[in-house]
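**Student:** this one's structure only:
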């Protein structure tokens, strides 16, 4: 047994707790353990970390937090489990209910501020921090989970790492269609205003069924599954890969790179002490849990007054939403042109490594070949299971194509120069740069071979 019956009985709340939610209407909590986890120090920290990082600078409504997303994933998982217990109790073992709910709630608890940029600069891993928060004895989350049994934290962690022996449990949290993806697509679509991210959640939930090796969907619901895949594709192309949001990420990346360099040279004259362990590469879990989005904004505000002109300029560019702008290029044929343009920028900005950056973003909307994600399986009345890509033209097309682009980010005046820019001492460099740009893409000047 994952947990004993006595604990389950004691764990039930006398009165159900609810959270009003703009995506799922109400989020229902009936377990004291879940309520305790929500109220833990580590989980409350997620209120101070935005779900979409820099996307708020492109979609002004995208102010939602990882706290609300985590609650949403929990709620979807709760509904799936209730449906399985009601209709498929011969296949679904309800002893896994609590461990699945805990994993759903805690799956993102290790995320930090501006998570992907932060991880790249400081070589951290939010997935490992998630496991550390669950397993290390000094956290409130670990203490709460230990109330079930000494081994319960390990069981929850095994779901998140995909190592749990029950594939149904794992696929509810991490698969091609899971509670995590469904919530963030719906939630991000709601807060960004991107209506093409809304798919038929009710239909997908209705046709979902557990089987011995995981989760499958009725063939009658194939079109709802296809709609989900298309929505995911649209959200990645229009929201997650938006060039302006990536421009803010790139600017933050260059800024943190400069701050780290100055720290290593003992020249960082104004910095946030909470970031110091990361600059020094001597951080602990407790150091990580002390930082959030606010930590960065305080540091950036200080850095606008830095005596280092590069750091102060990059900090102002980020805070004032004047990020590096981009042009698209083909990495297979245009690398020499990218090098040429970076050298042109260096004539003006002196340091091309700080004021230019190549950003590459690609995604496969549905890929049944991915080893880390189980394929989407359709079940038929005769009991057979068929992989979605074998019967769906839409899934088959998307599984064979990779979507995204390569972009060179440079100071904005090179992309959209003003009249004043053209009258400056750098007008010649701006004009030279423009000869390589056509319709937002890097091209060879007509005189080039």
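**Tutor:** Perfect, thanks for sending it. Bear in mind that the values here come from a model prediction, so they are computed numbers and not experimental data.

**Student:** Residue 329 contacts residue 442, correct?
**Tutor:** Yes. Residue 329 is within contact range of residue 442, at 4.0 Å (criterion: C-beta atoms under 8 Å). Yep, even glycine has a C-beta here, placed from its N, CA and C like the rest.

**Student:** what sits in contact with each of the two?
**Tutor:** Overlap of the contact sets of residue 329 and residue 442 (by C-beta atoms under 8 Å, 6 or more residues apart in numbering) consists of 337-338, 408.

**Student:** Out of the residues you listed, which is nearest to residue 258?
**Tutor:** Lowest distance from residue 258 to these (C-beta to C-beta) belongs to residue 408, with 19.1 Å.

**Student:** Remind me what the host helix or strand of the closest one packs against, helices and strands.
**Tutor:** Counting by DSSP states H and E, the element that carries residue 408 is strand 403-410. For strand 403-410, the packing partners by 3 or more C-beta pairs under 8 Å, 6 or more residues apart in numbering; DSSP states H and E come out as helix 243-264, strand 325-329, helix 335-349, strand 357-363.

**Student:** what distance separates the third one from the middle of the whole chain?
**Tutor:** Put plainly, it is helix 335-349. What separates the centre of helix 335-349 from the centre of its chain is 31 Å, taken as C-alpha atoms, centre = their mean, to the nearest Å.

**Student:** residues in contact with stretch 201-209?
**Tutor:** Stretch 201-209 is contacted from outside by 76, 79-80, 83-84, 87-88, 91, 177, 182, 186, 215-218, 220-221, 224-225, 228, 379, using C-beta under 8 Å, 6+ apart.

**Student:** Now do the host helix or strand of residue 44: distance to the chain's middle.
**Tutor:** Taking DSSP H and E as the definition, residue 44 sits inside helix 41-44. Distance of helix 41-44 from the chain centroid (C-alpha atoms, centre = their mean) equals 19 Å.

**Student:** Let me know the next secondary structure element after that helix.
**Tutor:** Next along from helix 41-44, by DSSP H and E: helix 66-87.

**Student:** which of the residues in that next one are buried?
**Tutor:** Going by neighbour count (16 or more other C-beta atoms under 10 Å), the buried part of helix 66-87 is 66-81, 83-84.

**Student:** helices or strands up against that helix?
**Tutor:** When contacts are defined as 3+ C-beta pairs under 8 Å, 6+ apart, helix 66-87 packs onto strand 12-21, strand 25-31, helix 41-44, helix 97-106, helix 167-173, helix 179-192, helix 201-207, strand 208-211.

**Student:** do that again at 6 Å, thanks
**Tutor:** When contacts are defined as 3 or more C-beta pairs under 6 Å, 6 or more residues apart in numbering; DSSP states H and E, helix 66-87 sits against helix 97-106, helix 179-192.

**Student:** Could you give the average pLDDT over that helix?
**Tutor:** Averaged across helix 66-87, the pLDDT comes to 98.

**Student:** Run through the stretch 301-449 of the chain and note the low-pLDDT ranges.
**Tutor:** Applying pLDDT under 70 to the stretch 301-449 of the chain picks out residues 362-373, 400-402, 419, 421-423, 447-449.

**Student:** Tell me how far the closest residue to residue 285 other than its chain neighbours lies from residue 282.
**Tutor:** Closest residue in space to residue 285, ignoring its immediate chain neighbours: residue 132 at 5.1 Å, by C-beta to C-beta, 6 or more residues apart in numbering. For residue 132, the distance to residue 282 (C-beta to C-beta, to the nearest Å) stands at 16 Å.

**Student:** Count the neighbours of the residue nearest to residue 285 for me.
**Tutor:** Neighbour count for residue 132, taken as other C-beta atoms under 10 Å: 20.

**Student:** That one contacts residue 284, doesn't it?
**Tutor:** No. Residue 132 lies out of contact with residue 284 (C-beta atoms under 6 Å); the separation is 9.6 Å.

**Student:** I am finished for the moment; much appreciated.
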